[in-house]
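In: Provided below are the primary sequence and the corresponding predicted coordinates.
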Amino acid sequence: MLLCALRTALIQGSRVWHPGFRTLRAMSSASGQLPNYETLLVSRPRENVLHVELNRPNKMNAMNQAFWREMVECFNAIAADTDCRAVVVSGAGKCFTAGIDLMDMASNVLQPEGDDAARMAWNLRRKICAYQESFTVIEKCPKPVLVAVHGACIGGGVDLITACDIRFCSKDAWFQVKEVDIGLAADVGTLQRLPKVIGSHSLVSELVYTARKMMSDEAQSCGLVSRVFPDKETLIEGALDMASEIASRSPVAVQGTKINMVYSRDHGVPEGLQYIATWNMSMLQTTDLMKSAQAALEKKSPKDVVYSKL
Ligand SMILES: CCC/C=C/C=C/C(=O)SCCNC(=O)CCNC(=O)[C@H](O)C(C)(C)COP(=O)(O)OP(=O)(O)OC[C@H]1O[C@@H](n2cnc3c(N)ncnc32)[C@H](O)[C@@H]1OP(=O)(O)O
């Protein structure tokens, strides 16, 4: 009975299947000009998927001033790019990243400007907050971000990956919260996000107080990564496949899911439920819902549905 009513409603609502949607899809697959960066290489390897490579391979993708700035520019642009529905981040060359550029740090963070201690502290605080934004921007971006780690992922690298939604790695990957070894308390996300990612305060404490390396098998068993691939090539393919899967779903559903997942991680269950109720009082009115439900009734894959840009 209910199924019949739903079917009738869907047939009545079938005007949402306007042939114009085909045209929209053709427009959305026409990839526009991608921005050029000094430290990041952005490409569009699949429909609605962007690939962002950390691109200082000769310096082990160490994070210099340009990198910190460009991450914000890049992910703000991705957030606004209606042709992008999922993102893969990886590192060019031998490893994912060696973390903060130590040369750069010496000439920047370690030399705060200001006429006295208060002013120097104030300026340093502003700088640290700016560094934090370079990874928080990943979390603020409503498109799911997958990160594919090979080789070393050190210091700032762990801050970066914990701001991503899905983490894969290759067998040769290793992770190191190296900050204590260079005399600082990690301050751009690891201490806040890693405990929520792996859920064990004890294990996080081990890693952050001793800076010991965690290899890929342990990273998988503790939940830091959800898949391990034999090598970099299969890793990138696997990450792009997953990104394509995500990109084929309703962007209203996917982006709303990310925003609510991030909100609920940082709030209690009652607040999370209130938030999604308020969110969906608008978003349930999307035509994507009718289209997807109709496809499900007709036993079609969501991949057969054409969704408007978002
Ligand atoms: C407010 C601040 C917020 C952020 C805080 C972040 C903190 C951190 O990230 S702490 C972690 C800092 N990183 C390190 O301590 C790692 C240092 N690097 C290494 O241990 C090794 O380079 C590595 C294991 C990654 C690779 O070793 P490998 O033998 O394969 O290569 P290398 O010959 O050592 O390096 C090749 C060239 O890359 C340069 N390089 C490597 N890491 C860094 C770095 N972190 N900063 C600057 N440059 C780096 C290295 O000097 C070599 O350059 P060149 O001599 O010109 O060939």
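Out: Looks like it came in fine.

In: list phi and psi for the residue in the stretch 101-250 of the chain that the ligand sits nearest to.
Out: Of all residues in the stretch 101-250 of the chain, the one sitting closest to the ligand is Gly155 (2.1 Å; C-beta to the nearest ligand atom). Heads up, the C-betas are built off the backbone N, CA and C, glycines and all. The phi and psi torsions at Gly155 (degrees, to the nearest 10) take the values phi 50, psi -110.

In: dump the residue contacts of it.
Out: The contact partners of Gly155, taken as C-beta atoms under 8 Å, 6 or more residues apart in numbering, are Ala98, Gly99, Ile100, Gln176, Val177, Lys178, Glu179, Ile182, Ala186.

In: if you rank these by neighbours, which is first?
Out: Of those, Val177 is surrounded by the most neighbours, 28 neighbours in total, counting by other C-beta atoms under 10 Å.

In: quick one: that one and Asp187 touch, right?
Out: No - counting by C-beta atoms under 8 Å, no contact exists between Val177 and Asp187, whose distance comes to 11.9 Å.

In: hang on, Glu38 in a strand?
Out: No - per DSSP: H, G, I helix; E, B strand; the rest coil, Glu38 lies outside any strand segment and is coil.

In: burial of it, as a residue count?
Out: Here the count is done by other C-beta under 10 Å, and Glu38 has 12 residues near it.

In: now the nearest residue to it once chain neighbours are set aside, what's its secondary structure?
Out: Once flanking residues are discounted, Glu38 sits nearest to Ala66: 4.6 Å by C-beta to C-beta, 6 or more residues apart in numbering. Three states are possible here, and by three-state DSSP the one that applies to Ala66 is helix.

In: list the contacts for Ala66?
Out: Residues counted as contacts of Ala66 (C-beta under 8 Å, 6+ apart) are Tyr37, Glu38, Thr39.

In: who in the stretch 1-150 of the chain is up against the ligand?
Out: Proximity of the stretch 1-150 of the chain to the ligand is confined to 59-60, 62, 95, 98-103, 109, 128, 131 under the rule C-beta under 6 Å from any ligand atom.

In: pLDDT added to those, as a markdown table?
Out: As requested, those are exported to a markdown table (pLDDT from 0 to 100):
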| residue | pLDDT |
| --- | --- |
| Lys59 | 98 |
| Met60 | 98 |
| Ala62 | 98 |
| Cys95 | 98 |
| Ala98 | 98 |
| Gly99 | 98 |
| Ile100 | 97 |
| Asp101 | 97 |
| Leu102 | 96 |
| Met103 | 93 |
| Val109 | 81 |
| Ile128 | 95 |
| Tyr131 | 97 |
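
In: does Gly99 touch Leu160 like I think?
Out: No - the pair formed by Gly99 and Leu160 falls short of the contact definition of C-beta under 8 Å, at 9.2 Å.

In: what are the boundaries of the helices in the stretch 151-300 of the chain?
Out: In order along the chain, the stretch 151-300 of the chain carries the following helices (DSSP state H, counting those that start in this stretch): 156-162, 190-198, 201-210, 216-221, 232-247, 251-265, 269-283, 287-297.

In: so which elements touch the fourth one?
Out: Read that as helix 216-221. The elements that helix 216-221 packs onto, with contact taken as 3 or more C-beta pairs under 8 Å, 6 or more residues apart in numbering; DSSP states H and E, are strand 166-170, strand 227-229.

In: switch the cut-off to 6 Å
Out: Using 3 or more C-beta pairs under 6 Å, 6 or more residues apart in numbering; DSSP states H and E as the contact criterion, no helix or strand is in contact with helix 216-221.

In: quick check, pLDDT for Asn108.
Out: Per-residue confidence for Asn108 comes out at a pLDDT of 82.

In: over to the one 3 residues further on?
Out: Per-residue pLDDT puts Gln111 at 84.

In: got it, and Leu224?
Out: For Leu224, the model assigns a pLDDT of 98.

In: same check on Val180?
Out: Turning to Val180, the model gives it a pLDDT of 98.

In: please apply the same query to Gly32.
Out: According to the model's per-residue confidence, Gly32 sits at a pLDDT of 70.

In: wait, a strand at it?
Out: No - going by three-state DSSP, the assignment for Gly32 is coil, not a strand.

In: run a quick neighbour tally on it.
Out: Using other C-beta under 10 Å, Gly32 has 9 neighbouring residues.

In: spatially nearest residue to it (excluding sequence neighbours)?
Out: When the adjacent residues along the chain are set aside, Gly32 lies closest to Asp83, with 6.5 Å between them (C-beta to C-beta, 6+ apart).

In: quick one: the strands in the stretch 51-200 of the chain, in order.
Out: If DSSP state E, counting those that start in this stretch is used as the criterion, the strands of the stretch 51-200 of the chain fall at 86-91, 145-149, 152-154, 166-170, 174-176.
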